[in-house]
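Asker: structure of the sequence below:
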Amino acid sequence: THPITNTIKWQKGIGMPLKNADGSIIADAIVLDITEQKEKENAIQEMNHRYELVTKASFDAIWDWDLTTNQIFWGEGFEQLFGHHFNSNNQKTYTHWLSHVHPNDVKHVQSSIQAVIENINATTWHCEYRFKKIDGTYAEVVDKGIVIRNEENKVIRMVGAMQDVTTLSTALQRLAKSEKRYSNLFHLSPIPVWVYDVDTLRFLEVNEAAQHHYGYSKEEFLNLRITDIRPEEDLHMLQHAIESNHKRKRHYYHGVFRHIKKDGTIIYVDLQSQALDYEAVNARVVLAIDITDRLAYIDAIEKQNAKLKDIAWIQSHIVRAPLARLMALVNYLSEFDASISEENRQMLQHVFQSAQEFDSIIKDIAVKAEQIQLQVTPSNNYTSELTQATSELE
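Answerer: Okay, the predicted model is just below:
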């Protein structure tokens, strides 16, 4: 504890035992203040703890694939969704994960990943496939991730989340076949759902989840058009999707868009729609899944890595400065102070060698810190996903 400020300081001692002329043992040591280093280590531990909480809070299967080691870290949602507990190293590999993809989807999944790896401009990955659960059944999965490249534009890491959309996909099929079944699923769904007129774009029906999530009453919704819940700068994307759906006569559509709540809050939604004959009106039923928090989770991972790089860089440079002065002082005493005995001169030589070893470690930290190059498009930049979604319609 500091005697003046009454604060706790962390110190590290480096020393060596020596013998006096009478044969008694003494110790000569150097004490370094490592308080700042310990505080940064505690900060890193806190960030890791927050990341663990994020993975527990998410209902999706968050994953982190290190392509340099071929190891995949799975969040707790993975076991909750699919029942698998990949705990051994050979189970945490890309190959083991791919072995659970439906045989008819493997080639499609591999091609989509390879395309992202080879396209140096690609910053996100998206794929839909079937994944085998622990009970032998297959779940319909929507998988999305961000791509992290090194300074040579080589993909070194991908981070994302798997979403089990089996229930939603089944619900959409049933909605298209039976108005009665649609009515039950529609009003009881915890996910915002609405029906709109394809020709006028006016809302025809909304469920309670949509009213609660967007802040409009049912009466207010029925006086709006779907363009009223879109940012003005995004309306051209909505128009493009509508025209493409009409031109291609697509019954099912899936894309990522921005919406505006009644209070002006902008959210990001994973939108799925299905053509529907609603009381003799050409309509579409829409499920809007708010993915704003999910994007924030991925963004938290990205920011954590950036902080790790900054901490490593600052730590190495701050610690090295006093060490360099110490080495210079020891070298000066050894070379120019003729009054120093041979025994003490040898001791100083040992101190100098120890300092050199410590300096080498610090240099290695600095080099590794400089090699961390995270070229990731921020998660809240939805442009690439919107572009991909609209390009699929072209």
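
Asker: excluding covalently adjacent residues, which one is nearest to Asn20?
Answerer: Using CB to CB, 6 or more residues apart in numbering and skipping the chain neighbours, the partner closest in space to Asn20 is Ile26 (5.9 Å). The C-beta positions use only the backbone N, C-alpha and C, and glycine is treated the same way.

Asker: no no, Ile25
Answerer: Using CB to CB, 6+ apart, the closest residue to Ile25 is Pro17 (5.5 Å).

Asker: and for Arg230?
Answerer: Leaving aside its chain neighbours, Arg230 sits nearest to Leu238 (5.5 Å; criterion: CB to CB, 6+ apart).

Asker: any idea how far the one you found is from Tyr268?
Answerer: 14 Å (CB to CB, to the nearest Å).

Asker: between the two, which is the more surrounded one?
Answerer: Taking other CB atoms under 10 Å, Leu238 and Tyr268 do not tie; Tyr268 has more neighbours (22 against 19).

Asker: what comes up buried for the host helix or strand of that one?
Answerer: Using DSSP states H and E, Tyr268 maps to strand 266-278. Going by neighbour count (16 or more other CB atoms under 10 Å), the buried part of strand 266-278 is Ile267, Tyr268, Val269, Asp270, Leu271, Gln272, Ser273, Gln274, Ala275, Leu276, Tyr278.

Asker: next SSE after it?
Answerer: Counting by DSSP H and E, what follows strand 266-278 is strand 281-290.

Asker: and the helix or strand that comes right after that following strand, what does it pack onto?
Answerer: The C-terminal neighbour of strand 281-290 among helices and strands, as given by DSSP H and E, is helix 292-336. Other elements packing on helix 292-336 under the criterion 3 or more CB pairs under 8 Å, 6 or more residues apart in numbering; DSSP states H and E are helix 35-57, strand 138-149, strand 155-164, strand 266-278, helix 342-371.

Asker: what's the angle from the longest one to helix 292-336?
Answerer: The one in question is helix 342-371. 150 degrees (axes from the mean of the first three to the mean of the last three CA atoms, to 10 degrees).

Asker: and the second one, by the same measure?
Answerer: Here strand 138-149 points in a direction 40 degrees away from that of helix 292-336 (the same axes, to 10 degrees).

Asker: what pairs with Arg157 across the strands?
Answerer: Arg157 has these beta-bridge partners by DSSP bridges: Asp66, Ile148.

Asker: what's around it, how many residues?
Answerer: Counted with other CB under 10 Å, residues neighbouring Arg157 total 20.

Asker: kindly report the same for Glu152.
Answerer: Per other CB under 10 Å, the neighbour tally for Glu152 reads 8.

Asker: quick one: pLDDT of it?
Answerer: Note for Glu152: predicted pLDDT of 91.

Asker: that one belongs to a strand, doesn't it?
Answerer: No - in this structure, Glu152 is coil, not part of a strand, as judged by DSSP: H, G, I helix; E, B strand; the rest coil.

Asker: related to what we said a few turns ago, just list whatever residues bridge to the residue nearest to Ile25.
Answerer: With DSSP bridges as the rule, Pro17 is bridged to Ala27.

Asker: isn't it up against Ile26?
Answerer: Yes - look at Pro17 against Ile26 with CB atoms under 8 Å: they come within range, at 7.3 Å.

Asker: how's this protein carved up into domains?
Answerer: Domain segmentation of the chain under automatic domain parsing yields 58-167, 179-290.

Asker: list the contacts of Thr93.
Answerer: The contact partners of Thr93, taken as CB atoms under 8 Å, 6 or more residues apart in numbering, are Asn70, Gln71, Ile72.

Asker: rerun at 6 Å
Answerer: Residues in contact with Thr93 (CB atoms under 6 Å, 6 or more residues apart in numbering) are Asn70.

Asker: try Glu357
Answerer: Counting by CB under 6 Å, 6+ apart, Glu357 has no contacts.

Asker: so the residue nearest to Arg230 touches Ile229, yeah?
Answerer: No - with contact defined as CB atoms under 6 Å, Leu238 does not count as touching Ile229 (9.9 Å).

Asker: between these two, what contacts are shared?
Answerer: With CB under 6 Å, 6+ apart, Leu238 and Ile229 have no common neighbours.

Asker: which pLDDT value goes with the residue lying closest to His102 once chain neighbours are set aside?
Answerer: Nearest non-adjacent residue to His102, counting by CB to CB, 6+ apart: Arg130, 3.7 Å away. Per-residue confidence (pLDDT) for Arg130: 93.

Asker: what's the helix or strand for Arg130?
Answerer: For Arg130, the element it lies in under DSSP H and E is strand 124-132.

Asker: what angle sits between that strand and helix 292-336?
Answerer: 110 degrees.

Asker: who are the packing partners of strand 124-132?
Answerer: Other helices and strands packing on strand 124-132, by 3 or more CB pairs under 6 Å, 6 or more residues apart in numbering; DSSP states H and E, are helix 106-118, strand 138-149.

Asker: quick check: buried residues in the first one?
Answerer: Spelled out, it's helix 106-118. So, applying 16+ other CB under 10 Å, buried residues of helix 106-118: Val109, Ser112, Ile113, Val116, Ile117.

Asker: between these, which sits nearest Leu329?
Answerer: Ile117 (51.6 Å; CB to CB).

Asker: OK, contacts around the closest one?
Answerer: Ile117 sits next to Val155 when contact means CB under 6 Å, 6+ apart.

Asker: what does the one 10 residues further on give?
Answerer: Under the criterion of CB under 6 Å, 6+ apart, the neighbours of Cys127 are Val109, Ser112, Asp143.

Asker: tell me how far the last one lies from Glu220.
Answerer: If I follow you right, that is Asp143. From Asp143 to Glu220 the distance is 36 Å (CB to CB).

Asker: which one's more surrounded, these two?
Answerer: Taking other CB under 10 Å, Asp143 and Glu220 do not tie; Asp143 has more neighbours (21 against 15).

Asker: thought that one was touching Ala161?
Answerer: No - Asp143 lies out of contact with Ala161 (CB under 6 Å); the separation is 7.6 Å.
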